[in-house]
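>>> The sequence isn't on hand, but the structure is:
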């Protein structure tokens, strides 16, 4: 295949017939050796070869033709060099167009065991979901707000890799109540709406085309009302790490397995979202207290607000969603701004993003965030969707890393970054109209 490209495959000698058969001469038509990296196409090389031979540009040889044609040692070395160059090129650039093209698809265990007697009603590929659109969903109506919020401590905005702060454990209780067990939704469904869900479930549906790991949602139908719910052991409220990376974490029992990294991310987010607040100070209180606090609970309730909001999706579909916010901060004009706080965690720069946050975060924060959008696109899209549904004014991302990459129990805060939810959604190509189309 590659011989003719460099002039090796043609005969080494050419016979020229003249009128006098007693006069013979051997003409060397072998092209001069050229480097393997010379950029010439096969067409260009073969195009002028007949003309060169016709013009007699090659010197004659002063020895007779004996036996069959044999490749010279120089030609053999040249051919071997060409093959080495080709293999090197294929290794370096062969998969550049799509680095995941040649990866084998991993067979993952389903989130729920599918029984043989189940009937498949419909199957919708992600490509079809990505084309759905519902642009006529208007602004929501807020039905009620419950809970209380603490104020954000703005000193954390000044944290850098040179002034990092240790992540501490905060003993506070966060309630993750399912849709059907929510006492507020039970009251609302009597008079408003016909579809009910939490922001975690709806954001999973809206961003499902970005997901890689399996998940499932339970839908209960009571009369004309639909309740989107989750199972007791569901992964809806869990966090994933590097789910959308080219090489996601392994699914074994090691410290850096997908399951253990997810548990580590939940631990980090739970403590981080409470540590950055002005604890033991007066809270911003809503008219209704936290509806999930029980009298016998000993742990202090976390800073959280529950907003019950309704959207008219058209076609006699009115959805009620319970949305959450984490804290409140004072804006530049003294106004109160509601904020969602999340933590992005670094676990091993050599395996994860390839960027060491301690050396790159301060100077190349955009590159670090771009790597996280690539490796954790589904998780970040869900967070952004939840902030938009709740009507939050700001999103705050904390960059949290292990103190030692071999120890998953101790962490350090290396920096903070603020975004407006709608602007961040545009940056990551998150289309809410497409999300509403999927929900419908």
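Sure thing, it's come through. Note that this is a predicted model, so its numbers are computed, not measured.

>>> gap between stretch 124-135 and the chain center?
19 Å (Cα atoms, centre = their mean, to the nearest Å).

>>> which residues sit against it?
Surrounding stretch 124-135, the residues in contact under the criterion Cβ atoms under 8 Å, 6 or more residues apart in numbering are 208-209, 313-314, 431, 433-434, 436-440. Heads up, the C-betas are built off the backbone N, CA and C, glycines and all.

>>> Show me the helices in this protein, by range?
42-47, 49-54, 73-93, 126-129, 183-188, 199-206, 258-275, 357-360, 365-375, 377-390, 421-427, 432-439 (DSSP state H).

>>> want to throw those into TSV with distance to residue 241, mean neighbour count and mean pLDDT?
Formatted as TSV, those follow (distance: least, Cβ to Cβ, whole Å; neighbours: other Cβ atoms under 10 Å; pLDDT from 0 to 100):
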stretch	distance to residue 241	mean neighbour count	mean pLDDT
helix 42-47	49	11	44
helix 49-54	59	11	45
helix 73-93	30	13	65
helix 126-129	22	11	94
helix 183-188	31	16	97
helix 199-206	17	24	97
helix 258-275	4	20	96
helix 357-360	14	17	94
helix 365-375	8	17	94
helix 377-390	8	24	98
helix 421-427	20	16	97
helix 432-439	23	20	96
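
>>> can I get those helices in CSV with distance to residue 159?
As requested, these are exported to CSV (distance: least, Cβ to Cβ, whole Å):
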stretch, distance to residue 159
helix 42-47, 60
helix 49-54, 69
helix 73-93, 40
helix 126-129, 38
helix 183-188, 36
helix 199-206, 28
helix 258-275, 11
helix 357-360, 12
helix 365-375, 13
helix 377-390, 20
helix 421-427, 20
helix 432-439, 31
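
>>> Which one, of these, ends up nearest to residue 176?
When the helices of the chain are compared by Cβ to Cβ, helix 199-206 sits nearest residue 176, at 8.1 Å.

>>> Let me see the domain layout of the protein.
Using automatic domain parsing, the domains assigned to the chain come out as 4-91, 143-439.

>>> most neighbours per residue, which of these?
Mean neighbour count (mean count of other Cβ atoms under 10 Å) peaks for domain 143-439 among these, with a mean of 17.

>>> how distant is that domain from the center of its chain?
The answer for domain 143-439 is 16 Å, by Cα atoms, centre = their mean.

>>> So what would you say the end-to-end distance of it is?
For domain 143-439, the first-to-last residue distance is 21 Å (Cα to Cα, to the nearest Å).

>>> Check stretch 252-259 too.
Using Cα to Cα, the end-to-end distance of stretch 252-259 comes to 8 Å.

>>> Contacts for that stretch, please.
213, 240-241, 243, 248-251, 260, 347-348, 351, 406, 408.

>>> Isn't residue 439 up against residue 207?
No. Contact criterion Cβ atoms under 8 Å: residue 439 and residue 207 do not qualify, at 11.0 Å.

>>> lowest-confidence stretch among the domains of the chain?
The minimum mean pLDDT among the domains of the chain belongs to domain 4-91 (a mean of 50).

>>> circling back to that earlier point, any idea which of the domains of the chain gets closest to residue 117?
Distance to residue 117, taken as Cβ to Cβ, is lowest for domain 143-439 among these, at 17.2 Å.

>>> ok, back up a step: I'd like the domains of the chain laid out as TSV, including distance to residue 124.
Below are those laid out as TSV (distance: least, Cβ to Cβ, whole Å):
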stretch	distance to residue 124
domain 4-91	38
domain 143-439	9
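
>>> List just the one of the helices of the chain that sits closest to residue 341.
helix 258-275 (4.5 Å).

>>> For beta bridges, what are the partners of residue 300?
residue 172 (DSSP bridges).

>>> For it, give me its contacts.
171-173.

>>> Name the nearest of those residues relative to residue 320.
Using Cβ to Cβ, these come closest to residue 320 at residue 173, 24.8 Å.

>>> Surely that closest one and residue 294 touch.
No. Taking contacts as Cβ under 8 Å, residue 173 lies outside contact range of residue 294: 9.6 Å.

>>> shared neighbours, those two?
With Cβ under 8 Å, 6+ apart, residue 173 and residue 294 have no common neighbours.
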